[in-house]
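Visitor: Could you look at this predicted model? Sequence included:
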Amino acid sequence: MAARAAGKGGKKAPGQPGENPLTFYPAWCKKCGICIAFCPKSVLEAGPGGQPFGARPEACIRCHLCELRCPDFAISVADAPKEEAR
């Protein structure tokens with residue numbers, strides 16, 4: 001799944017280095033909560049003012065449902081890193 005074009009203001013959710021697949025674009029977000037509702041692993045939560053954030057990014061299974069359902073393109077999910085061939 002190709003990542004959407006990254007605009008200015010993209011912020012990575014807090015988490016362990018290399019484990020966080022989420023990038024948020026707060027300036028684009030209208031705080032509708034669709035991404036939170038569609039997350040099957042409850043990775044996302046509403047923060048101050050309803051702004052979604054990655055409360056548990058290590059639990060993300062990279063299903064891209066939040067990214068696909070966001071009407072404002074305000075969240076991006078990175079694909080899993082490819083394993084090195086042995």
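Guide: Ah, there it is. Residues are numbered from 1 along each chain as shown.

Visitor: Show the pLDDT at Gly18.
Guide: Looking at Gly18, its pLDDT reads 52.

Visitor: same deal with Pro48?
Guide: pLDDT for Pro48: 91.

Visitor: And for Ala55?
Guide: On pLDDT, Ala55 comes in at 95.

Visitor: contacting residues around it?
Guide: By CB atoms under 8 Å, 6 or more residues apart in numbering, the residues touching Ala55 are Ser42, Val43, Leu44, Glu45. (Each C-beta comes from the backbone N, C-alpha and C, glycine too.)

Visitor: which secondary element of the chain has the worst mean pLDDT?
Guide: strand 11-12 (a mean of 56; mean pLDDT, DSSP states H and E).

Visitor: Tell me which residue lies nearest the centroid of the protein.
Guide: Leu22 (3.4 Å; CA atoms, centre = their mean).

Visitor: Where does pLDDT dip in the chain?
Guide: In the predicted model, the chain carries pLDDT under 70 at residues 1-18, 84-86.

Visitor: what residues are up against Val43?
Guide: Neighbour list for Val43: Leu22, Gly54, Ala55, Arg56, Pro57, Ala59, Cys60, Cys66 [criterion: CB under 8 Å, 6+ apart].

Visitor: and the first one, what are its bridge partners?
Guide: With beta bridges defined as DSSP bridges, Leu22 has these partners: Val77.

Visitor: where does the nearest residue to Leu44 once chain neighbours are set aside land in three-state SS?
Guide: Take Leu44 and drop its neighbours on the chain: the residue closest to it by CB to CB, 6 or more residues apart in numbering is Ile36, 4.6 Å away. Per DSSP: H, G, I helix; E, B strand; the rest coil, the secondary structure class of Ile36 is helix.

Visitor: Quick one: neighbours of Ile36, just the number.
Guide: 18 (other CB atoms under 10 Å).

Visitor: Go ahead and confirm it touches Gly47.
Guide: No. Look at Ile36 against Gly47 with CB atoms under 8 Å: they stay out of range, at 10.4 Å.

Visitor: all strands of this structure, in order?
Guide: 11-12, 22-24, 44-46, 52-54, 75-77 (DSSP state E).
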